[in-house]
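*Asks:* only the shape, not the letters, is given here:
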């Protein structure tokens, strides 16, 4: 190996002092990388080493712009951000490059949660509802009869199912939840619950209209109230603002039967605790080892699991309302 003179070593040391990397010094002087590294180790052992690898395509300024795109909602995913940054950097960018940059910036990709679309009017109504009921005690909420309709699929696609698997385990029947594009089928049901437990539920055959809804009010609602030894004057009925719930026939029925209806803000299923009762019911139905052979068997299971819902589940949901 060629031995450098003192003047040559001084030149390398001077270039190191000025912040040049080993490759830059090699290009300037022609000295080998190994010789430059030895001089660095002897004369500048504490000098930080330049990071290896290809320089990043996205600068800190680029990433700040990417974050502004996200928070201003001008872009939502890595593909959209990559397209926007290409116009700035004048170089091709992949979504993977942007994805890695966002992860370094502390961002994490998550699935968007599905929530009702709220206009300013909806937000105002929800706030008014909260202000009107902020001083309601648990005793007040115990008077409410909560009601709603829901759809239940025969093949249990109403929610995710989790399963344990070993790393590298091939796809098999244990890891698959079967679905059908056609022929799976589903049913619609109406139900209600009170502090004392679940009320009567019914399967909805055909299209739900005002006339059918009034018949549910006359049968299932009144029977639920009577079953728990209450009078109509003792309860407040909750329903959403579906047109069949607020049609003239339903309004007339409430007036004729002196049943007080809780004023409910539009687009607010997340405020109704019965939504969580549906989740509980569907999970119990999904725990069966085999799917139901048809809609009638599905309804049989729904009725069994509906009756099995513990009172404590209903009470825990109602207790959450003041919070």
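*Replies:* Okay, I see it. Worth saying up front: this structure is predicted, and the values here are computed from it rather than measured.
*Asks:* can you get me a residue count around residue 313?
*Replies:* 16 (other Cβ atoms under 10 Å). From N, CA and C alone the C-beta is placed, and that goes for glycine too.
*Asks:* and it, how close does it get to residue 196?
*Replies:* 12 Å (Cβ to Cβ, to the nearest Å).
*Asks:* chain center to stretch 117-133, what's the gap?
*Replies:* 22 Å (Cα atoms, centre = their mean, to the nearest Å).
*Asks:* neighbouring contacts of it?
*Replies:* The contact list for stretch 117-133 (Cβ atoms under 8 Å, 6 or more residues apart in numbering) reads 116, 140, 263, 264, 265, 266, 267, 268, 271.
*Asks:* report the buried residues of that stretch.
*Replies:* For stretch 117-133, a neighbour-count test (16 or more other Cβ atoms under 10 Å) marks 125, 126, 129 as buried.
*Asks:* what does stretch 259-274 give?
*Replies:* 259, 264, 265, 267, 268, 271, 272, 273, 274.
*Asks:* ok, the third one touching residue 240?
*Replies:* No. Between residue 265 and residue 240 there is no contact, the gap being 9.3 Å when judged by Cβ atoms under 8 Å.
*Asks:* of the buried residues of stretch 259-274, which pair is most distant in space?
*Replies:* 259 and 267 (23.9 Å; Cβ to Cβ).
*Asks:* how close does residue 246 get to residue 207?
*Replies:* Residue 246 is 17 Å from residue 207, where distance means Cβ to Cβ.
*Asks:* between these two, who's got more neighbours?
*Replies:* residue 246 (16 against 8).
*Asks:* which of the three states applies to that one?
*Replies:* Assigned with DSSP: H, G, I helix; E, B strand; the rest coil, residue 246 falls in the coil class.
*Asks:* quick one, strands of the stretch 201-323 of the chain?
*Replies:* Listed in chain order, the strands of the stretch 201-323 of the chain (DSSP state E, counting those that start in this stretch) span 202-204, 236-237, 260-261.
*Asks:* need the winner for burial among those.
*Replies:* strand 236-237 (a mean of 18; mean count of other Cβ atoms under 10 Å).
*Asks:* show me what that one is packed against.
*Replies:* If contacts are counted by 3 or more Cβ pairs under 8 Å, 6 or more residues apart in numbering; DSSP states H and E, strand 236-237 sits against strand 144-153, strand 260-261.
*Asks:* just the ones of the buried residues of stretch 259-274 in helices?
*Replies:* Within the buried residues of stretch 259-274, membership in helices is found for residue 274, as judged by DSSP state H.
*Asks:* as TSV, the helices and strands packed on strand 236-237 with distance to residue 304 and mean pLDDT would be great.
*Replies:* Listed next are those as TSV, based on distance: least, Cβ to Cβ, whole Å; pLDDT from 0 to 100:
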stretch	distance to residue 304	mean pLDDT
strand 144-153	13	96
strand 260-261	31	97
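*Asks:* just the helices in the chain please.
*Replies:* Using DSSP H, the helices of the chain run over residues 6-17, 22-29, 33-43, 60-71, 78-89, 95-104, 120-133, 138-141, 210-216, 222-227, 248-256, 274-286, 295-308, 311-319.
*Asks:* out of these, which is closest to residue 200?
*Replies:* So among the helices of the chain, helix 222-227 is nearest, using Cβ to Cβ, at 5.0 Å.
*Asks:* buried set for the closest one?
*Replies:* 224, 225.
*Asks:* give me the mean pLDDT for that helix.
*Replies:* In this model, helix 222-227 has a mean pLDDT of 97.
*Asks:* what lies in contact with that helix?
*Replies:* Here helix 222-227 has contacts from 145, 192, 194, 199, 200, 231, 232, 234, 235, 257, using Cβ under 8 Å, 6+ apart.
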